[in-house]
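*Asks:* Need coordinates for the following:
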Amino acid sequence: MSDLQAAFERAAQEVQQLPRRPDNETLLQLYALYKQATVGDVQGSRPGVLDMTGRLKYDAWAKLKGVTATEAMSRYIELVERLKQSI
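*Replies:* Modelled structure (predicted):
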C-alpha cells in the first residue's frame, strides 16, 4: 500500500471522528472527492428531481470528471486536515 493510499484511508477514518459535523457543502466535497478517488469518474444517470440529495451528490461528483485518483486522494486529505484544524 502506498503512503498516499494509507494517508487517504486514515483521513477517511478521521473525518468520521470530527467533534462537529461539517456543513452540507463540505460534506458534498468530501463525498465527491472520496468517490472520485475510489471509483473514478461519475457513473450512472443523474437522479430525478424528487431525489434532491442524490442529485446534489451526483452533481458534486460529476464536477470532478477527469481528476485522477491520486489528485482526488490528495485533495481529500488536505480538506480533512483543514477541517481538523478549524474545529
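
*Asks:* Tell me where the protein has helices.
*Replies:* Secondary structure of the chain (DSSP state H): helices at 3-15, 24-38, 52-62, 69-86.

*Asks:* Give me the contacts around the first one.
*Replies:* The contact list for helix 3-15 (Cβ atoms under 8 Å, 6 or more residues apart in numbering) reads Leu30, Tyr34, Ala37, Thr70, Met73, Ser74, Tyr76, Ile77, Val80, Glu81, Leu83, Lys84. Using the backbone N, CA and C atoms, a C-beta is placed for each residue, glycine as well.

*Asks:* now the angle from it to helix 24-38?
*Replies:* In terms of direction (axes from the mean of the first three to the mean of the last three Cα atoms, to 10 degrees), helix 3-15 departs from helix 24-38 by 150 degrees.

*Asks:* Mind checking the pLDDT average for helix 3-15?
*Replies:* For helix 3-15, mean pLDDT rounds to 97.

*Asks:* Would you mark the buried spots in that helix?
*Replies:* Ala7, Phe8, Ala11, Ala12, Val15 (16 or more other Cβ atoms under 10 Å).

*Asks:* Pipe the residues you listed into CSV and attach distance to Gly54 per row.
*Replies:* Formatted as CSV, the buried residues of helix 3-15 follow (distance: Cβ to Cβ, whole Å):
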residue, distance to Gly54
Ala7, 29
Phe8, 25
Ala11, 25
Ala12, 21
Val15, 21
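
*Asks:* so where is this protein shaky, pLDDT-wise?
*Replies:* Along the chain, no part satisfies pLDDT under 70.

*Asks:* hmm, try it at 80
*Replies:* Under the criterion pLDDT under 80, the flagged ranges of the chain are 1, 87.

*Asks:* Any idea how far stretch 33-40 is from the middle of the chain?
*Replies:* Centroid separation between stretch 33-40 and its chain, computed with Cα atoms, centre = their mean, to the nearest Å, is 7 Å.

*Asks:* tally of neighbours for Leu50?
*Replies:* By other Cβ atoms under 10 Å, 7 other residues sit near Leu50.

*Asks:* follow-up on the earlier one: for Gly44, find the nearest of the helices of the chain.
*Replies:* helix 52-62 (7.8 Å; Cβ to Cβ).
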